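okay, here's the prediction I keep looking at, along with the sequence it came from:
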Amino acid sequence: MISPKNEVSRKPVDETKLSKPNAFSIDEIVILTANGSNINITNQWFALELCEDLFSTSISGTLMVEDSHNFLRHGPIIGQEQIRISFMTPGVGSERITKFFRIYKVGQRDLKENGKVQTYKLHFISNETVMNSQDKCNYALEEKTVEEMITTIFSKHFPDSNIEIKAGTKNTHTFVLPNRNPFSCINWLTKRAISSDNVNDCSFVFYQDLDGFKFDTVVNMLKRSPKQKYDYTLQNLRNEISTFRNVHESFTTPDKMYFENTSDKLNEIQNGMYSSSIFLHDLTTKTYTAKTYDYFEHFNALFEGENENPILAQTEQEKSNERPQTMINYYPKSSGSVGSPTLDGINENAFDSHNNDIYEQWVLFRESLEQQIQTHKIILTIPGDSRRRVGEMVHFTFPSPQPQRNIDLESFDNYVSGKYLITSIKHYMTRLDYKTNLELSRNFFPTQLPTKAE
(Lines give C-alpha, C1' and ligand atoms only; values in the text may rest on other atoms or scores of the structure.)
Protein backbone atom coordinates (compact mmCIF):
# COMPACT_ATOMS: atom_id res chain seq x y z
CA MET A 1 0.00 0.00 0.00
CA ILE A 2 1.42 3.37 -1.02
CA SER A 3 0.11 6.33 0.93
CA PRO A 4 1.30 9.92 1.36
CA LYS A 5 3.17 10.80 4.56
CA ASN A 6 1.51 14.14 5.13
CA GLU A 7 -2.23 13.72 4.78
CA VAL A 8 -4.58 16.62 5.38
CA SER A 9 -7.47 15.73 7.67
CA ARG A 10 -10.94 16.72 6.49
CA LYS A 11 -14.13 17.18 8.42
CA PRO A 12 -16.66 14.48 7.42
CA VAL A 13 -19.49 15.71 5.20
CA ASP A 14 -23.06 15.23 6.44
CA GLU A 15 -24.57 13.22 3.58
CA THR A 16 -28.14 14.11 4.62
CA LYS A 17 -27.67 17.87 4.46
CA LEU A 18 -26.70 20.32 1.74
CA SER A 19 -24.43 22.69 3.67
CA LYS A 20 -23.42 24.85 0.70
CA PRO A 21 -24.25 24.96 -3.02
CA ASN A 22 -21.06 23.23 -4.17
CA ALA A 23 -20.85 20.67 -1.36
CA PHE A 24 -19.89 17.11 -2.22
CA SER A 25 -18.74 13.95 -0.55
CA ILE A 26 -15.83 12.11 -2.13
CA ASP A 27 -14.94 8.76 -0.59
CA GLU A 28 -11.85 8.00 -2.57
CA ILE A 29 -9.76 8.50 -5.64
CA VAL A 30 -7.54 5.45 -5.77
CA ILE A 31 -5.13 4.39 -8.49
CA LEU A 32 -4.74 0.60 -8.77
CA THR A 33 -1.33 -0.16 -10.24
CA ALA A 34 -0.31 -3.19 -12.27
CA ASN A 35 1.80 -4.61 -9.41
CA GLY A 36 -1.19 -4.67 -7.03
CA SER A 37 -0.37 -1.60 -4.93
CA ASN A 38 -2.94 1.16 -4.41
CA ILE A 39 -2.23 4.88 -4.46
CA ASN A 40 -4.82 6.89 -2.53
CA ILE A 41 -4.73 10.54 -3.53
CA THR A 42 -8.07 11.56 -1.96
CA ASN A 43 -6.33 13.90 0.49
CA GLN A 44 -3.76 15.18 -1.98
CA TRP A 45 -4.28 18.31 -4.06
CA PHE A 46 -6.15 17.26 -7.20
CA ALA A 47 -8.38 18.58 -9.96
CA LEU A 48 -10.79 16.00 -11.40
CA GLU A 49 -12.84 16.34 -14.57
CA LEU A 50 -15.47 13.81 -15.67
CA CYS A 51 -17.18 14.13 -19.07
CA GLU A 52 -20.39 12.58 -20.40
CA ASP A 53 -21.67 13.24 -23.90
CA LEU A 54 -24.90 12.13 -25.55
CA PHE A 55 -23.05 11.58 -28.83
CA SER A 56 -20.09 9.69 -27.37
CA THR A 57 -19.76 5.99 -26.63
CA SER A 58 -17.52 6.57 -23.61
CA ILE A 59 -17.12 8.51 -20.40
CA SER A 60 -13.72 10.14 -20.21
CA GLY A 61 -11.87 12.38 -17.81
CA THR A 62 -8.63 13.78 -16.48
CA LEU A 63 -7.03 13.94 -13.06
CA MET A 64 -4.47 16.64 -12.32
CA VAL A 65 -2.28 15.67 -9.37
CA GLU A 66 0.23 17.63 -7.31
CA ASP A 67 2.67 14.95 -6.21
CA SER A 68 5.52 15.25 -3.70
CA HIS A 69 6.01 11.46 -3.38
CA ASN A 70 6.82 10.60 -7.00
CA PHE A 71 3.98 8.14 -7.42
CA LEU A 72 4.92 7.92 -11.09
CA ARG A 73 8.06 6.06 -10.09
CA HIS A 74 6.92 4.14 -7.02
CA GLY A 75 3.62 2.95 -8.52
CA PRO A 76 4.74 2.96 -11.15
CA ILE A 77 2.15 4.89 -13.17
CA ILE A 78 2.82 4.35 -16.87
CA GLY A 79 -0.63 4.57 -18.47
CA GLN A 80 -2.12 1.11 -17.91
CA GLU A 81 -3.56 1.48 -14.42
CA GLN A 82 -7.12 1.40 -13.11
CA ILE A 83 -8.60 4.31 -11.19
CA ARG A 84 -11.52 4.03 -8.75
CA ILE A 85 -13.60 7.13 -8.05
CA SER A 86 -16.43 7.31 -5.52
CA PHE A 87 -18.44 10.47 -4.80
CA MET A 88 -21.93 11.94 -4.28
CA THR A 89 -23.78 15.22 -3.73
CA PRO A 90 -25.13 15.28 -0.15
CA GLY A 91 -28.57 16.47 0.85
CA VAL A 92 -30.27 16.28 -2.58
CA GLY A 93 -31.14 12.59 -2.80
CA SER A 94 -28.09 11.66 -4.84
CA GLU A 95 -26.92 8.06 -4.81
CA ARG A 96 -23.24 7.33 -4.32
CA ILE A 97 -21.42 6.86 -7.61
CA THR A 98 -18.49 4.42 -7.75
CA LYS A 99 -16.82 3.97 -11.11
CA PHE A 100 -13.70 2.25 -12.44
CA PHE A 101 -11.77 3.72 -15.36
CA ARG A 102 -8.63 2.89 -17.26
CA ILE A 103 -5.71 5.34 -17.22
CA TYR A 104 -4.24 5.45 -20.72
CA LYS A 105 -1.95 8.48 -20.72
CA VAL A 106 0.30 10.50 -18.42
CA GLY A 107 0.57 14.03 -19.75
CA GLN A 108 1.30 17.67 -18.92
CA ARG A 109 4.08 16.82 -16.48
CA ASP A 110 5.83 19.79 -14.79
CA LEU A 111 8.40 20.11 -12.00
CA LYS A 112 8.15 22.88 -9.43
CA GLU A 113 11.12 25.18 -8.95
CA ASN A 114 12.06 23.60 -5.61
CA GLY A 115 12.59 20.26 -7.38
CA LYS A 116 10.52 18.36 -4.80
CA VAL A 117 6.99 18.61 -6.17
CA GLN A 118 5.65 17.76 -9.62
CA THR A 119 2.27 18.07 -11.26
CA TYR A 120 0.91 15.85 -14.01
CA LYS A 121 -2.36 15.05 -15.67
CA LEU A 122 -3.69 11.49 -15.87
CA HIS A 123 -6.10 10.81 -18.75
CA PHE A 124 -8.63 8.03 -18.24
CA ILE A 125 -11.55 6.47 -20.09
CA SER A 126 -14.14 3.70 -19.69
CA ASN A 127 -12.72 0.19 -19.47
CA GLU A 128 -15.06 -0.90 -22.27
CA THR A 129 -13.37 1.56 -24.63
CA VAL A 130 -10.02 -0.16 -24.14
CA MET A 131 -11.64 -3.56 -24.70
CA ASN A 132 -13.36 -2.17 -27.79
CA SER A 133 -10.06 -1.09 -29.34
CA GLN A 134 -8.71 -4.63 -28.99
CA ASP A 135 -11.61 -6.48 -30.65
CA LYS A 136 -13.24 -6.70 -34.07
CA CYS A 137 -16.59 -7.80 -35.52
CA ASN A 138 -16.36 -10.06 -38.56
CA TYR A 139 -19.57 -12.08 -38.58
CA ALA A 140 -23.12 -11.90 -39.96
CA LEU A 141 -26.32 -11.03 -38.13
CA GLU A 142 -29.39 -12.47 -39.87
CA GLU A 143 -33.05 -11.49 -39.76
CA LYS A 144 -32.80 -9.26 -36.67
CA THR A 145 -33.99 -5.79 -35.82
CA VAL A 146 -31.32 -3.16 -35.20
CA GLU A 147 -31.96 -3.24 -31.45
CA GLU A 148 -31.49 -7.05 -31.47
CA MET A 149 -28.27 -6.70 -33.45
CA ILE A 150 -26.88 -4.11 -31.04
CA THR A 151 -27.82 -6.23 -28.04
CA THR A 152 -26.11 -9.23 -29.65
CA ILE A 153 -22.91 -7.32 -30.42
CA PHE A 154 -22.76 -5.73 -26.99
CA SER A 155 -23.33 -8.95 -25.02
CA LYS A 156 -20.81 -10.82 -27.20
CA HIS A 157 -17.95 -8.35 -26.77
CA PHE A 158 -18.75 -6.84 -23.34
CA PRO A 159 -20.22 -9.73 -21.30
CA ASP A 160 -19.56 -8.03 -17.96
CA SER A 161 -21.37 -4.81 -18.88
CA ASN A 162 -25.02 -4.00 -19.51
CA ILE A 163 -26.87 -1.93 -22.09
CA GLU A 164 -30.32 -0.43 -21.55
CA ILE A 165 -32.53 -0.48 -24.66
CA LYS A 166 -34.97 2.41 -24.21
CA ALA A 167 -36.58 2.42 -27.67
CA GLY A 168 -37.55 -0.32 -30.11
CA THR A 169 -36.67 -0.45 -33.81
CA LYS A 170 -38.68 -1.30 -36.92
CA ASN A 171 -37.92 -3.95 -39.60
CA THR A 172 -35.53 -6.90 -39.66
CA HIS A 173 -32.28 -6.95 -41.62
CA THR A 174 -29.31 -9.15 -42.40
CA PHE A 175 -25.88 -7.54 -42.34
CA VAL A 176 -22.37 -8.87 -42.63
CA LEU A 177 -20.40 -6.78 -40.17
CA PRO A 178 -17.07 -5.49 -41.48
CA ASN A 179 -13.79 -6.07 -39.68
CA ARG A 180 -14.28 -3.07 -37.41
CA ASN A 181 -14.45 -2.66 -33.64
CA PRO A 182 -17.78 -3.26 -31.82
CA PHE A 183 -18.54 0.39 -31.04
CA SER A 184 -17.98 1.32 -34.66
CA CYS A 185 -20.40 -1.40 -35.81
CA ILE A 186 -22.98 -0.37 -33.21
CA ASN A 187 -22.77 3.25 -34.31
CA TRP A 188 -23.12 2.18 -37.95
CA LEU A 189 -26.29 0.28 -37.08
CA THR A 190 -27.57 3.11 -34.87
CA LYS A 191 -27.63 5.50 -37.82
CA ARG A 192 -29.82 3.06 -39.75
CA ALA A 193 -32.36 2.44 -36.99
CA ILE A 194 -35.99 3.50 -37.39
CA SER A 195 -38.26 3.76 -34.36
CA SER A 196 -40.97 1.13 -34.09
CA ASP A 197 -43.24 3.79 -32.51
CA ASN A 198 -42.80 6.47 -35.18
CA VAL A 199 -41.29 5.79 -38.61
CA ASN A 200 -40.30 9.47 -38.83
CA ASP A 201 -38.01 9.15 -35.82
CA CYS A 202 -34.50 8.14 -36.93
CA SER A 203 -32.64 9.94 -34.13
CA PHE A 204 -31.16 6.91 -32.32
CA VAL A 205 -28.00 7.36 -30.27
CA PHE A 206 -25.75 4.88 -28.47
CA TYR A 207 -24.03 6.48 -25.49
CA GLN A 208 -22.69 5.98 -21.99
CA ASP A 209 -23.51 7.94 -18.85
CA LEU A 210 -22.58 7.33 -15.21
CA ASP A 211 -25.36 4.72 -14.98
CA GLY A 212 -24.21 2.65 -17.97
CA PHE A 213 -24.71 2.24 -21.72
CA LYS A 214 -28.00 3.24 -23.34
CA PHE A 215 -29.74 3.06 -26.72
CA ASP A 216 -32.52 5.58 -27.28
CA THR A 217 -33.80 8.28 -29.63
CA VAL A 218 -33.24 12.00 -29.17
CA VAL A 219 -36.90 12.64 -30.02
CA ASN A 220 -38.03 10.36 -27.17
CA MET A 221 -35.79 12.31 -24.79
CA LEU A 222 -37.15 15.66 -25.98
CA LYS A 223 -40.71 14.54 -25.16
CA ARG A 224 -39.95 13.62 -21.53
CA SER A 225 -40.73 15.79 -18.52
CA PRO A 226 -37.99 18.02 -17.07
CA LYS A 227 -36.01 16.60 -14.15
CA GLN A 228 -34.87 19.97 -12.80
CA LYS A 229 -35.66 23.67 -13.16
CA TYR A 230 -32.97 26.35 -13.37
CA ASP A 231 -33.68 30.07 -13.01
CA TYR A 232 -30.95 32.35 -14.25
CA THR A 233 -30.73 35.79 -12.65
CA LEU A 234 -29.06 38.74 -14.30
CA GLN A 235 -26.35 40.31 -12.14
CA ASN A 236 -27.99 43.75 -12.04
CA LEU A 237 -31.27 42.27 -10.82
CA ARG A 238 -30.07 40.03 -8.00
CA ASN A 239 -30.65 42.50 -5.20
CA GLU A 240 -33.98 43.72 -6.59
CA ILE A 241 -35.43 40.27 -7.04
CA SER A 242 -34.28 38.62 -3.86
CA THR A 243 -32.45 39.88 -0.82
CA PHE A 244 -31.92 36.36 0.53
CA ARG A 245 -31.41 33.00 -1.09
CA ASN A 246 -31.07 29.79 0.87
CA VAL A 247 -28.74 26.97 -0.09
CA HIS A 248 -31.28 25.10 -2.18
CA GLU A 249 -32.30 28.25 -4.08
CA SER A 250 -28.66 28.84 -4.93
CA PHE A 251 -28.38 25.20 -5.98
CA THR A 252 -30.89 25.74 -8.81
CA THR A 253 -29.55 29.15 -9.83
CA PRO A 254 -26.76 28.87 -12.42
CA ASP A 255 -23.59 30.76 -11.58
CA LYS A 256 -22.84 31.42 -15.25
CA MET A 257 -24.40 30.89 -18.64
CA TYR A 258 -23.42 31.61 -22.19
CA PHE A 259 -24.76 30.90 -25.66
CA GLU A 260 -22.52 28.34 -27.35
CA ASN A 261 -24.54 27.96 -30.58
CA THR A 262 -27.17 30.18 -32.11
CA SER A 263 -29.15 29.68 -35.28
CA ASP A 264 -27.34 30.31 -38.58
CA LYS A 265 -30.12 30.20 -41.16
CA LEU A 266 -27.83 30.50 -44.18
CA ASN A 267 -25.73 27.54 -43.08
CA GLU A 268 -28.82 25.53 -42.14
CA ILE A 269 -30.44 26.13 -45.54
CA GLN A 270 -27.27 25.26 -47.45
CA ASN A 271 -26.83 22.01 -45.49
CA GLY A 272 -30.37 20.85 -46.24
CA MET A 273 -31.78 21.13 -42.75
CA TYR A 274 -35.13 22.43 -44.01
CA SER A 275 -35.37 20.79 -47.41
CA SER A 276 -33.32 18.23 -49.34
CA SER A 277 -33.60 15.32 -51.71
CA ILE A 278 -32.09 11.89 -52.27
CA PHE A 279 -31.57 10.03 -55.56
CA LEU A 280 -30.79 6.31 -55.47
CA HIS A 281 -29.50 4.32 -58.41
CA ASP A 282 -30.36 0.62 -58.27
CA LEU A 283 -27.37 -1.27 -59.67
CA THR A 284 -29.49 -4.35 -60.34
CA THR A 285 -32.54 -2.88 -62.09
CA LYS A 286 -30.73 0.23 -63.45
CA THR A 287 -33.53 2.44 -62.18
CA TYR A 288 -33.59 5.65 -60.15
CA THR A 289 -35.79 6.43 -57.16
CA ALA A 290 -36.09 9.80 -55.48
CA LYS A 291 -37.40 11.21 -52.22
CA THR A 292 -37.65 14.76 -50.89
CA TYR A 293 -37.58 16.15 -47.36
CA ASP A 294 -39.87 18.84 -45.94
CA TYR A 295 -38.96 20.25 -42.52
CA PHE A 296 -42.49 21.21 -41.46
CA GLU A 297 -43.99 17.87 -42.48
CA HIS A 298 -41.29 16.03 -40.55
CA PHE A 299 -41.56 18.25 -37.46
CA ASN A 300 -45.34 17.86 -37.28
CA ALA A 301 -45.01 14.07 -37.66
CA LEU A 302 -42.53 13.93 -34.78
CA PHE A 303 -44.26 16.28 -32.35
CA GLU A 304 -47.92 15.78 -33.21
CA GLY A 305 -50.04 16.74 -30.21
CA GLU A 306 -47.06 18.26 -28.38
CA ASN A 307 -46.69 21.91 -27.35
CA GLU A 308 -43.44 22.39 -29.26
CA ASN A 309 -43.04 24.77 -32.18
CA PRO A 310 -40.71 24.79 -35.23
CA ILE A 311 -37.56 26.92 -35.24
CA LEU A 312 -38.40 28.14 -38.76
CA ALA A 313 -41.14 30.65 -39.52
CA GLN A 314 -43.63 29.72 -42.23
CA THR A 315 -43.44 32.62 -44.65
CA GLU A 316 -44.95 32.89 -48.10
CA GLN A 317 -41.89 34.67 -49.44
CA GLU A 318 -39.11 32.24 -48.60
CA LYS A 319 -40.53 28.71 -48.14
CA SER A 320 -37.16 27.17 -47.30
CA ASN A 321 -38.93 23.86 -46.68
CA GLU A 322 -39.96 23.61 -50.36
CA ARG A 323 -36.54 23.80 -51.98
CA PRO A 324 -35.35 20.16 -52.25
CA GLN A 325 -32.71 21.08 -54.82
CA THR A 326 -30.83 22.97 -52.08
CA MET A 327 -29.11 19.75 -50.95
CA ILE A 328 -29.07 16.71 -53.23
CA ASN A 329 -27.80 13.33 -51.98
CA TYR A 330 -26.77 10.48 -54.28
CA TYR A 331 -26.57 6.87 -53.11
CA PRO A 332 -26.17 3.55 -54.94
CA LYS A 333 -28.28 0.55 -53.96
CA SER A 334 -28.74 -3.00 -55.16
CA SER A 335 -32.05 -4.85 -54.98
CA GLY A 336 -30.26 -8.12 -55.65
CA SER A 337 -27.38 -7.73 -53.24
CA VAL A 338 -27.89 -11.18 -51.70
CA GLY A 339 -28.20 -14.44 -53.63
CA SER A 340 -29.36 -14.80 -57.25
CA PRO A 341 -32.11 -12.24 -57.70
CA THR A 342 -35.14 -12.45 -59.95
CA LEU A 343 -37.49 -9.61 -60.76
CA ASP A 344 -40.33 -11.25 -58.82
CA GLY A 345 -38.03 -11.90 -55.91
CA ILE A 346 -36.87 -8.31 -55.86
CA ASN A 347 -40.45 -7.09 -55.76
CA GLU A 348 -41.62 -9.54 -53.11
CA ASN A 349 -38.68 -10.28 -50.83
CA ALA A 350 -39.14 -8.28 -47.62
CA PHE A 351 -35.59 -8.98 -46.50
CA ASP A 352 -34.06 -7.34 -49.58
CA SER A 353 -36.52 -4.47 -49.38
CA HIS A 354 -35.64 -3.66 -45.78
CA ASN A 355 -31.93 -3.86 -46.48
CA ASN A 356 -31.93 -1.76 -49.62
CA ASP A 357 -34.68 0.77 -48.98
CA ILE A 358 -32.97 1.70 -45.74
CA TYR A 359 -31.28 4.85 -47.10
CA GLU A 360 -34.44 6.56 -48.25
CA GLN A 361 -36.12 5.65 -44.97
CA TRP A 362 -33.68 7.42 -42.68
CA VAL A 363 -30.92 9.44 -44.28
CA LEU A 364 -32.77 12.73 -44.93
CA PHE A 365 -34.59 12.62 -41.60
CA ARG A 366 -31.45 11.92 -39.61
CA GLU A 367 -29.23 14.45 -41.39
CA SER A 368 -31.76 17.17 -40.62
CA LEU A 369 -32.25 16.10 -36.99
CA GLU A 370 -28.51 16.01 -36.36
CA GLN A 371 -28.31 19.63 -37.46
CA GLN A 372 -31.45 20.72 -35.61
CA ILE A 373 -30.19 19.61 -32.20
CA GLN A 374 -27.08 21.78 -32.68
CA THR A 375 -28.88 25.00 -33.61
CA HIS A 376 -29.72 26.26 -30.11
CA LYS A 377 -27.17 25.38 -27.46
CA ILE A 378 -26.37 27.02 -24.13
CA ILE A 379 -23.91 26.20 -21.36
CA LEU A 380 -24.86 26.48 -17.69
CA THR A 381 -22.38 26.38 -14.81
CA ILE A 382 -24.22 25.12 -11.73
CA PRO A 383 -23.20 23.99 -8.24
CA GLY A 384 -21.98 20.40 -8.50
CA ASP A 385 -24.81 17.91 -8.99
CA SER A 386 -24.01 14.22 -9.40
CA ARG A 387 -27.68 13.39 -10.13
CA ARG A 388 -27.75 14.90 -13.60
CA ARG A 389 -27.35 12.67 -16.67
CA VAL A 390 -27.09 13.29 -20.38
CA GLY A 391 -30.42 12.55 -22.05
CA GLU A 392 -32.44 14.24 -19.29
CA MET A 393 -34.70 17.22 -19.87
CA VAL A 394 -34.46 20.36 -17.72
CA HIS A 395 -36.40 23.61 -17.67
CA PHE A 396 -34.43 26.84 -17.98
CA THR A 397 -35.76 30.33 -17.28
CA PHE A 398 -33.89 33.27 -18.78
CA PRO A 399 -34.85 36.89 -17.91
CA SER A 400 -35.15 39.33 -20.76
CA PRO A 401 -32.11 41.67 -20.69
CA GLN A 402 -34.03 44.95 -20.86
CA PRO A 403 -35.07 47.68 -18.40
CA GLN A 404 -37.56 46.23 -15.92
CA ARG A 405 -38.66 46.67 -12.34
CA ASN A 406 -40.79 43.66 -11.54
CA ILE A 407 -40.68 40.03 -12.49
CA ASP A 408 -43.71 38.95 -14.51
CA LEU A 409 -44.38 36.76 -17.49
CA GLU A 410 -43.29 39.47 -19.91
CA SER A 411 -39.92 39.76 -18.17
CA PHE A 412 -38.70 36.40 -19.45
CA ASP A 413 -37.33 35.72 -22.91
CA ASN A 414 -39.79 33.17 -24.27
CA TYR A 415 -37.46 32.21 -27.13
CA VAL A 416 -34.64 31.28 -24.75
CA SER A 417 -36.59 29.99 -21.74
CA GLY A 418 -38.22 26.58 -21.81
CA LYS A 419 -37.31 22.90 -21.97
CA TYR A 420 -33.84 21.73 -22.97
CA LEU A 421 -32.09 18.41 -23.43
CA ILE A 422 -28.81 17.81 -21.60
CA THR A 423 -26.41 16.76 -24.35
CA SER A 424 -23.15 17.00 -22.41
CA ILE A 425 -22.05 17.15 -18.76
CA LYS A 426 -18.68 18.02 -17.30
CA HIS A 427 -18.06 17.55 -13.59
CA TYR A 428 -15.18 19.60 -12.12
CA MET A 429 -13.93 18.71 -8.63
CA THR A 430 -11.10 19.79 -6.39
CA ARG A 431 -10.63 18.98 -2.72
CA LEU A 432 -12.71 22.02 -1.78
CA ASP A 433 -15.08 22.70 -4.68
CA TYR A 434 -17.44 21.01 -7.13
CA LYS A 435 -18.96 22.59 -10.24
CA THR A 436 -20.96 21.08 -13.09
CA ASN A 437 -21.22 22.38 -16.65
CA LEU A 438 -24.41 21.44 -18.50
CA GLU A 439 -24.64 21.69 -22.27
CA LEU A 440 -28.31 22.20 -23.14
CA SER A 441 -29.77 21.78 -26.63
CA ARG A 442 -33.16 21.68 -28.31
CA ASN A 443 -34.75 21.73 -31.77
CA PHE A 444 -37.98 23.59 -30.98
CA PHE A 445 -39.40 26.78 -29.48
CA PRO A 446 -41.97 26.79 -26.66
CA THR A 447 -43.67 29.74 -28.40
CA GLN A 448 -44.78 29.89 -32.00
CA LEU A 449 -42.80 32.27 -34.19
CA PRO A 450 -44.89 35.23 -35.38
CA THR A 451 -45.59 35.60 -39.10
CA LYS A 452 -47.13 38.35 -41.15
CA ALA A 453 -50.92 38.18 -41.14
CA GLU A 454 -52.60 37.42 -44.48
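Okay, I see it.

contacts, neighbours, all on C-alpha from now
OK.

quick one: low-confidence residue ranges for the stretch 251-400 of the chain.
Applying pLDDT under 70 to the stretch 251-400 of the chain flags the ranges 316-317, 335-358.

all helices for it, in order.
For the stretch 251-400 of the chain, applying DSSP state H, counting those that start in this stretch gives helices covering 265-270, 295-302, 343-348, 350-356, 358-372.

and F206, what is it in contact with?
L54, F55, S56, T57, I186, N187, T190, F213, K214, F215, D216 (CA atoms under 8 Å, 6 or more residues apart in numbering).

among those, which two are most distant?
Spatial extent of these (CA to CA) is set by the pair L54 and I186 at 14.8 Å.

re earlier: just the buried ones from the contacts of F206, in PyMOL syntax?
A single PyMOL command selects the buried members of the contacts of F206 (16 or more other CA atoms under 10 Å):
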select buried, resi 54+56+57+186+187+190+213+214+215+216
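
between the contacts of F206, which sits nearest T233?
Out of those, the member with the shortest distance to T233 (by CA to CA) is L54, at 27.6 Å.

what's the closest non-adjacent residue to that closest one?
Nearest residue to L54, sequence neighbours excluded (CA to CA, 6 or more residues apart in numbering): T423, at 5.0 Å.

and the one you found, which helix or strand is it part of?
strand 418-430 (DSSP states H and E).

ok now the longest strand along the chain, how far from the chain's centre?
In the chain, with assignment by DSSP state E, the single longest strand is strand 97-111. Chain-centre distance of strand 97-111: 22 Å, with CA atoms, centre = their mean, to the nearest Å.

next, the buried residues of it.
Residues of strand 97-111 classed as buried: I97, T98, F100, F101, R102, I103, Y104, K105, V106 (neighbour count, 16+ other CA under 10 Å).

same question, stretch 152-168
So, applying 16+ other CA under 10 Å, buried residues of stretch 152-168: I153, F154, H157, I163, A167, G168.

now the end-to-end length of that stretch.
15 Å (CA to CA, to the nearest Å).

show me the beta-bridge partners of N40.
V30 (DSSP bridges).

test my guess that it contacts F46.
No - contact status for N40 versus F46: not in contact, 11.4 Å apart, counting by CA atoms under 8 Å.

which of those two has more neighbours?
Higher neighbour count among N40 and F46: F46, with 21 against 18, using other CA atoms under 10 Å.

where's the spatially most central residue of the chain relative to Q208, distance?
The residue lying closest to the centre of the chain (CA atoms, centre = their mean) is L54, at 1.2 Å. With distances taken as CA to CA, L54 is found 7 Å from Q208.

same deal with D67?
31 Å.

where exactly do the strands run in the stretch 1-150 of the chain?
25-32, 38-40, 46-53, 60-67, 82-88, 97-111, 118-126, 140-144 (DSSP state E, counting those that start in this stretch).

for the fifth one, packing partners?
Pointing back at strand 82-88 there. strand 25-32, strand 97-111 (3 or more CA pairs under 8 Å, 6 or more residues apart in numbering; DSSP states H and E).

now do the buried residues in it.
Q82, I83, I85, F87, M88.

can I get these in TSV including pLDDT?
TSV is the format used below for the buried residues of strand 82-88 (pLDDT from 0 to 100):
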residue	pLDDT
Q82	95
I83	96
I85	95
F87	91
M88	87
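
just put those in a markdown table and tack on distance to N138.
What follows is the buried residues of strand 82-88, written out as a markdown table (distance: CA to CA, whole Å):
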| residue | distance to N138 |
| --- | --- |
| Q82 | 29 |
| I83 | 32 |
| I85 | 35 |
| F87 | 40 |
| M88 | 41 |
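
hang on, the earlier thing: thought the residue nearest to the centre of the chain was touching L438?
No - here L54 does not reach L438: they are 11.7 Å apart, not a contact under CA under 8 Å.

what do the two both touch?
I422, T423, S424.

just put those in a markdown table and tack on pLDDT, neighbour count and distance to P226.
Listed next are the shared contacts of L54 and L438 as a markdown table, based on pLDDT from 0 to 100; neighbours: other CA atoms under 10 Å; distance: CA to CA, whole Å:
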| residue | pLDDT | neighbour count | distance to P226 |
| --- | --- | --- | --- |
| I422 | 98 | 26 | 10 |
| T423 | 97 | 24 | 14 |
| S424 | 97 | 21 | 16 |
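
from those, which is closest to E28?
Looking across the shared contacts of L54 and L438 and measuring by CA to CA, the closest to E28 is S424, at 24.5 Å.

return the residues in contact with the residue nearest to the closest one when sequence neighbours are not counted.
Sequence neighbours aside, D53 is the residue nearest to S424 in space, at 4.3 Å (criterion: CA to CA, 6+ apart). Going by CA under 8 Å, 6+ apart, D53 touches I59, Y207, Q208, D209, V390, T423, S424, I425.

I'd say D413 and Q402 touch.
No - applying CA under 8 Å, one finds D413 not in contact with Q402, separated by 10.0 Å.

out of these two, which sits in the more crowded spot?
Neighbours were counted for D413 and for Q402 using other CA under 10 Å; D413 has more, 14 against 8.
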